[in-house]
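[1] sequence and predicted structure are below.
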Amino acid sequence: MFFLALSIVSCSTDDRLNDLAANEEIETAGKLSQRAASYSPENRDNPFENAGRTYNAVLDVYDNAVIGNNLQSTIQTLQTAANNVPDFIALKPGNHYTSVSYQTIKNIMDNIYSLENALYDSTLSSNGKYVLASFIVDLKSEVTTQPRETVNAFVIDFENNLLLQNTLTDNDLKIILTTTSILRYANSYESNEDPDKKWGNIKVGIIATINGLSQDTAKGVLSASIVKMLQEQQ
């Protein structure tokens, strides 16, 4: 079982996530283009950096577009936007790709599907789940106390240190480094003015990314893009 396996690693993912509130509000304000950071969130040493770049490209397509005011319309609009981004098409697993689930996105936005759920459902090993959960706990402190440039540097340091180690499977590295790549670009749009709002947005994006990655990279990118645009509508 998941939690039993994690206890062998030294402590459970649940324990590392105890400080994360179960029902934090999801808030945001303003257009993405108005809040874009002046620095580059890129980490060229991350072998899965194309996920973050593609996430950014999908958002760019519809940043100033008129998007429907309901969940289904937003999903359809972002899917259309993504299909106009060549890098997104390249990430799709051919004929095996399926559309993002309306109910899954709704559950994420309604705080019904939690970070714990996403980690449990992921294809990460027990050790991979623990490493990512531990990083997320530490990330919350950074996001709620530091400006986004410092958060970006914190994430890059984590990625680069992870790449120097030899303790994770290839699949673990792919999921974790894809998640952090998208996270850095999402963070670059967040305002420094309201730490709780910023963390709420970041956390939901992580949940959507991990959930999507349980199927394929394209779905991880698109799921994260969808929740970002839904946050813009709130």
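    Okay, I see it.
[2] what count of nearby residues applies to residue 70?
    Burial measure for residue 70: 11 neighbouring residues, criterion other CB atoms under 10 Å. Where you see a C-beta, it was placed from the backbone N, CA and C, and this is true even at glycine.
[3] and what of residue 112?
    12.
[4] give me the nearest residue to it, chain neighbours excluded.
    residue 106 (7.9 Å; CB to CB, 6 or more residues apart in numbering).
[5] helix or strand for the one you found, which one?
    Per DSSP states H and E, residue 106 falls inside helix 102-109.
[6] can you name the element that comes right after that helix?
    Downstream of helix 102-109 (by DSSP H and E), the next one is helix 115-121.
[7] before we move on, the earlier item: what sits up against the helix holding residue 106?
    26, 71-72, 75, 112-113, 204, 207-208, 211, 223, 226-227, 230 (CB atoms under 8 Å, 6 or more residues apart in numbering).
[8] gap between residue 80 and residue 72?
    In this view, residue 80 and residue 72 are 13 Å apart by CB to CB, to the nearest Å.
[9] secondary structure element holding the residue sitting nearest the centre point of the chain?
    Residue closest to the average C-alpha location in the chain (CA atoms, centre = their mean): residue 206, at 2.9 Å. Per DSSP H and E, residue 206 falls inside helix 195-213.
[10] for that helix, buried residues please.
    Neighbour-count burial for helix 195-213 flags 197-213 (criterion: 16 or more other CB atoms under 10 Å).
[11] ditto for stretch 162-171
    Using 16+ other CB under 10 Å as the test for burial, stretch 162-171 gives 162, 168.
[12] could you do stretch 93-103 as well?
    Result for stretch 93-103 [16+ other CB under 10 Å]: buried residues 100-101.
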